[in-house]
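> I need the structure of the sequence given here:
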Amino acid sequence: MTTAFRADDAPIAYIQFTPETVQQHLDGVAAFLGGAANVIMQLSLRPVGRGVLESTVDSGKVTLHPIKRLRTTLTYLAVALMGTDDERAAYRDAVNESHRPVRSTAASPVKYNAFDPKLQLWVAACLYWGIDDLHTRMHGPMDRTKAEAFYQYCARLGTTLQMRQEMWPADRAAFLRYWDENLATKSIEPELRRYFNNMIDLKMMPRPIQFTFARLQRFIVTGLLPQHLRDEMHMEWTDRDEARFGRILRAISAVHTRLPKQARMFPMNAYLLDMRVRRRLGKPLV
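Take a look at the predicted model:
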């Protein structure tokens, strides 16, 4: 599948993204930097959050299997953005098996179903927003034509599962309206806030890892959350914090952009290769 966008000011010019060319605009380091903040964005939609809190699928819980959860999440991103149509279909089948039990019960405070395309639209929107936000912070904004083409391509973040193509906002301007309108409605209940704080503070990891990385992770997560969700998480963020965070991201970018392509894409390229090997050997993909 390829995506082409016709620039308004250059009728004969096209920008095309394919699973190969899109890699020029992806940073593997962004997956590490933005992962936890993006989970908070996704789960701020209450049915998604309750689905995670109430899930009976222990194998997919970050609190029990943090390394496996990281692998499956980043593999989904890699397959959705860089995989072939056949690979996307195979990974969809694998994810569907894990999602099948994730549905509300009579005791749930809100109805949800992991196959609900509207919930998947919000998750895909969070993934796209996070990728675009970090790219802008690290490299500056894409030009308008390229940004629109990349946005259209990123519908794959939802259509790799059950989200229908026509559900993806028609253009980037429509997406930003959707994002602002929907983000403003999100709230984080106390039980979910506790879950997020434990995740941010790496409570599921050995104490040496908590001691070494938890404070840094909290700083990064706070910096990458939209202000509305910072408020919902009761997090403080100052102009000084923002300036410091900007310097850190620019320093990372200065080093990262000089790396060879394969190093720059890590770990997304590694997880895509892992999925291909697992598939070839008949091992579970999720």
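
> Which stretches in the stretch 1-150 of the chain count as helices?
28-43, 46-53, 66-82, 85-99, 117-139, 144-153 (DSSP state H, counting those that start in this stretch).

> how far off helix 117-139 does the last one point, in degrees?
Relative orientation of helix 144-153 with respect to helix 117-139: 150 degrees, computed using axes from the mean of the first three to the mean of the last three CA atoms, to 10 degrees.

> Flag every buried residue along helix 144-153.
Thr145, Ala147, Glu148, Ala149, Phe150, Tyr151, Gln152, Tyr153 (16 or more other CB atoms under 10 Å). C-beta coordinates here come from the backbone N, C-alpha and C atoms, glycine included.

> Make TSV out of these and add pLDDT.
Formatted as TSV, these follow (pLDDT from 0 to 100):
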residue	pLDDT
Thr145	92
Ala147	93
Glu148	95
Ala149	94
Phe150	94
Tyr151	96
Gln152	96
Tyr153	96
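
> and Ala106, how many neighbours does it have?
The number of residues packed near Ala106 is 4, by other CB atoms under 10 Å.

> ditto for Arg276
Using other CB under 10 Å, Arg276 has 16 other residues around it.

> For Asp8, report the pLDDT, please.
pLDDT for Asp8: 46.

> To clarify, my last question referred to Lys261.
Confidence for Lys261, expressed as pLDDT, is 85.

> Was I right to think it contacts Thr21?
No: judged on CB atoms under 8 Å, Lys261 makes no contact with Thr21 at a distance of 12.0 Å.

> Any idea how far apart the tips of stretch 180-190 sit?
End-to-end distance for stretch 180-190, by CA to CA, to the nearest Å: 23 Å.

> buried stuff in that stretch?
Within stretch 180-190, the residues that count as buried by 16+ other CB under 10 Å are Leu183, Lys186, Ile188.

> Stretch 38-54 now?
Buried residues in stretch 38-54, counted by 16+ other CB under 10 Å: 38-52, 54.

> With respect to burial, which of the helices of the stretch 1-150 of the chain scores highest?
helix 28-43 (a mean of 22; mean count of other CB atoms under 10 Å).

> helices and strands around it, which ones?
helix 46-53, helix 66-82, helix 117-139, helix 190-200, helix 207-224, helix 239-256, helix 268-281 (3 or more CB pairs under 8 Å, 6 or more residues apart in numbering; DSSP states H and E).

> So for Thr2, what pLDDT did the model give?
Looking at Thr2, its pLDDT is 49.

> sorry, back to before: in helices only, show me the buried residues of stretch 180-190.
Leu183 (DSSP state H).

> Just send the buried residues of stretch 180-190 back as TSV, with distance to Arg218 and pLDDT too.
Shown next, in TSV, are these (distance: CB to CB, whole Å; pLDDT from 0 to 100):
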residue	distance to Arg218	pLDDT
Leu183	21	97
Lys186	20	96
Ile188	16	96
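
> wouldn't Tyr128 be in contact with Tyr153 here?
No: taking contacts as CB under 8 Å, Tyr128 lies outside contact range of Tyr153: 9.6 Å.

> residues contacting the closest residue in space to Met41 that isn't next to it in sequence?
Excluding its sequence neighbours, the residue lying closest to Met41 (CB to CB, 6 or more residues apart in numbering) is Cys126, at 4.1 Å. Taking CB atoms under 8 Å, 6 or more residues apart in numbering, we find Cys126 in contact with Asn38, Met41, Gln42.

> Now do Cys126, the pLDDT please.
So Cys126 comes in at 97 (pLDDT).

> Tell me how far it lies from Ala37.
Using CB to CB, to the nearest Å, Cys126 is found at 9 Å from Ala37.

> my guess is Leu285 contacts Arg88, does it?
No: if you go by CB under 8 Å, Leu285 and Arg88 don't touch, sitting 11.5 Å apart.

> Any idea which residue is closest to the centre of this structure?
Taking CA atoms, centre = their mean, the centroid of the chain lies closest to Leu127, which sits 3.3 Å from it.
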